[in-house]
Every structure is written in C-alpha cells, then in structure tokens.
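Asks: coords please:
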Amino acid sequence: MSRPVRWGIAGPGRMAAVMAAEFAGLADNDLVAVGSRSAQRAADFAADFGLSQAYGSYEALLASDVDAIYLATPHAQHTDLALAAIAAGKAVLVEKAFTTSVADTEAIITAARAAGVFVMEAMWTRFLPAMVELRRMVADGELGEVRTIQGDLIAPRDFDPADRLFNPDLGGGAVLDLGVYVLSFVQQLLGTPDTVQATGGLLPNGVDGEAGILLGWDDGRFASQAISFRVAGPGRQVVAGTAGWVEVLPRFHRAETLVWHPRGGEPERLHFPKRGAGYGHEIEHVGQCLQAGLTESPVMPLEDSLAVQRMMAAVLRELGR
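Replies: Modelled structure (predicted):
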C-alpha cells in the first residue's frame, strides 16, 4: 500500500472522539469516515472532526472505500462487527477488551487468519515510548531475570447500573475494563501464566467491582495485581529482576516516566513523553503493519489477546461470575 491508510470509526462515542483527535498530524493515516446506528450521530461526529463520509449504519461503513476500521463500540458488540469487517476485507483495530468471552475471541482470530485480514486489539499502552523502552530493557537483560511484577489499576467509579461500566449486557465490570490493562502488562513481559487465582467482590447487580489477582508460573515466577472501582489508588507497576527493578510511575497505562533502580546503585529517572493523548502511537503502528502487508502485529499479536482473554475468564470464574 503506497498511499495513506484510510480509516473509518464504528461507534461515535467518547472513546471514538478521543481517537479521532489523535489522527491530526499523523503521517500516512487519514480518518475519513464514521458509522453509527444513528445517521444524525454519524453526521454530527463527521462535522466535529471534518470527516468526508458519515454513514447511518455499520453495514454502509463496511461497504465504503476505507482500508481499516476502529471499533469503538461497547465490548459486547465487538464480535459481530469485527467478523463483519473481516468478511468485508477491512483491517480492524478492536477496542479493548477484545471481546467478552474466550469463544468470541477465538472466532475473530480464526476468521482473521482464514481471510488473511489484519486484526489487532487496541492495547495502546504497549505502544507508548516508555513501554517500548521498558520492553527493550527487559529483552536486553538490563534487569537480569525478571521474576515478579507488582501493580494495580484502581479507579473509583460511582455505582450506576445503567452505565456501560456496570452493565453486564454491555461487558461491564472491573475485570474487562481495568483487568485487561494489568493482565496485558504482565503477559507482555512474563508471558502467559500457568495458574490464575483471584479474590474480590461483586457489586449489587452481580458485576465484578474489585479483585486481587495472583498469577503463577511453574518455574516460580509470580505477579500480583489489584483492580477496583470501589477505592482510590495509584495505578503503578514495579517490574523486578535479579539485577534491579523498574518503577512505572502512575498512571502506568499512560506511562511516560520510568525509575530504574539498579541493584546496589543509584536510581535513575527516565522520561519518555508520549505524543498527544498517546493513542496515536498505536494508530501509527497499525498503519505501518498495513503498509508492510502484515496480518498481525508483532507487538500486540492475536495470541496475546487470546491469552489475556483466557486470564480474564479465569479471574471472573474465581469471582463467581
């Protein structure tokens, strides 16, 4: 593909607006279209962001001349839309959590691979410059052998059963909203765990509101993570190895600053500014993958999405959901 990648957004909600703003100034990636179940919402969104195409159905968006679709709809709608986009031959960037079940994630992966269509989960944190540097430090052995990761993502929310975050029919709950971040963070650095244990509490409508998660590997490595809608917390990570440890300063999923603590040495503060709100880095990565003819991301491969989906399912089972 020698021309810029032409993008469309499915679902003109809050996250779609954040992503749309990130296209400004991005080379080789043009946001040109939006699709919604409401023609008026699509038209309003297109006017807000200067888009040339607005469609009152997702089917019409998928039939357009865009190359890639960003799915910004609630979790529970991802599967049907992703499968339809794949069938239409459109590359797909699926907002996290990828789906609400392991079976749905497997269905999307199977369809994407059979059709040779690019699909990636929008785990934008992996593409932030600070995270790229952390992965480099781990891969180059600067931390020695990484044996444990400790962290949390705690974000208080007022309980409202009508809100998407708490609606079980829309994929609500702390595990799919917050857990996907902490589990993906650990999985990218330590790989997929052999055991998953969790304890926590449910909200009045039965949706998970908080959890403590313990991950284990057969060689003795472990990680502990906390998520919660009920309390306030820092949102930090500590990646510890035999040669030292790195603090990913709050909030880790928007990381810009690492503090490297070499064993026996003085701490070193490392700063890696993100561009804009930070989402443009993943958009740029998808564009590069498409220009190179790739059907999966080497940074956020489909197997990682499946592994994290299985981990989330295990946590939900432990919580009684």
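Asks: ok, and the closest non-adjacent residue to F127?
Replies: Spatial nearest neighbour of F127, excluding adjacent residues (C-beta to C-beta, 6 or more residues apart in numbering): H281 at 3.8 Å. Every C-beta, even on glycine, is put in place using the N, C-alpha and C of the backbone.
Asks: wouldn't the one you found be in contact with T125 here?
Replies: No. H281 lies out of contact with T125 (C-beta atoms under 8 Å); the separation is 9.5 Å.
Asks: ok, now which ones touch the residue most central in space within the chain?
Replies: Residue closest to the average C-alpha location in the chain (C-alpha atoms, centre = their mean): M123, at 2.4 Å. Going by C-beta atoms under 8 Å, 6 or more residues apart in numbering, M123 touches K96, V180, Y181, S184, E282, M300, S305.
Asks: What is the distance between the helix or strand encompassing R113 and the centre of its chain?
Replies: Assessed by DSSP states H and E, R113 sits inside helix 102-115. From the chain centre to the centre of helix 102-115 is a distance of 17 Å (C-alpha atoms, centre = their mean, to the nearest Å).
Asks: Neighbour count for H281 and T125, which is higher?
Replies: Set side by side, H281 and T125 show more neighbours around T125, with 23 against 20, by other C-beta atoms under 10 Å.
Asks: how far away is the residue nearest to the more buried one when sequence neighbours are not counted from Y55?
Replies: Residue nearest to T125 in three dimensions, not counting chain neighbours: H253, with 4.7 Å by C-beta to C-beta, 6+ apart. Noted for H253: a distance of 31 Å to Y55, by C-beta to C-beta, to the nearest Å.
Asks: Look up phi and psi at V182.
Replies: Main-chain dihedrals, V182, degrees, to the nearest 10: phi -70, psi -40.
Asks: cool, M19 as well?
Replies: Torsion angles at M19 (phi, psi; degrees, to the nearest 10) stand at phi -70, psi -40.
Asks: State the distance from the closest residue to it other than its chain neighbours to Y70.
Replies: Distance criterion C-beta to C-beta, 6+ apart; nearest residue to M19, sequence neighbours excluded, is Y279 at 5.5 Å. Taking C-beta to C-beta as the measure, Y279 and Y70 are separated by 10 Å.
Asks: shared neighbours, the two?
Replies: M19.
Asks: So which of these two has more stuff around it?
Replies: Between Y279 and Y70, counted using other C-beta under 10 Å, Y70 has the larger neighbour count: 27 against 22.
Asks: Distance from the chain centre to stretch 274-287, please.
Replies: Here stretch 274-287 is found 12 Å from its chain centre; the criterion is C-alpha atoms, centre = their mean.
Asks: tell me how far the ends of that stretch are from each other?
Replies: Taking C-alpha to C-alpha, to the nearest Å as the measure, stretch 274-287 stretches 18 Å from start to finish.
Asks: Show me what counts as buried in that stretch.
Replies: When burial is assessed from 16 or more other C-beta atoms under 10 Å, stretch 274-287 yields the following buried residues: K274, G278, Y279, G280, H281, E282, I283, E284, H285, V286, G287.
Asks: who touches the residue nearest to M19 in this structure?
Replies: By C-beta under 8 Å, 6+ apart, the contact list for Y279 reads V18, M19, E22, W124.
Asks: Could you report the pLDDT at it?
Replies: Listed pLDDT for Y279 reads 97.
Asks: measure it to V18 for me?
Replies: Plainly put, Y279 is 6 Å away from V18 if you go by C-beta to C-beta.
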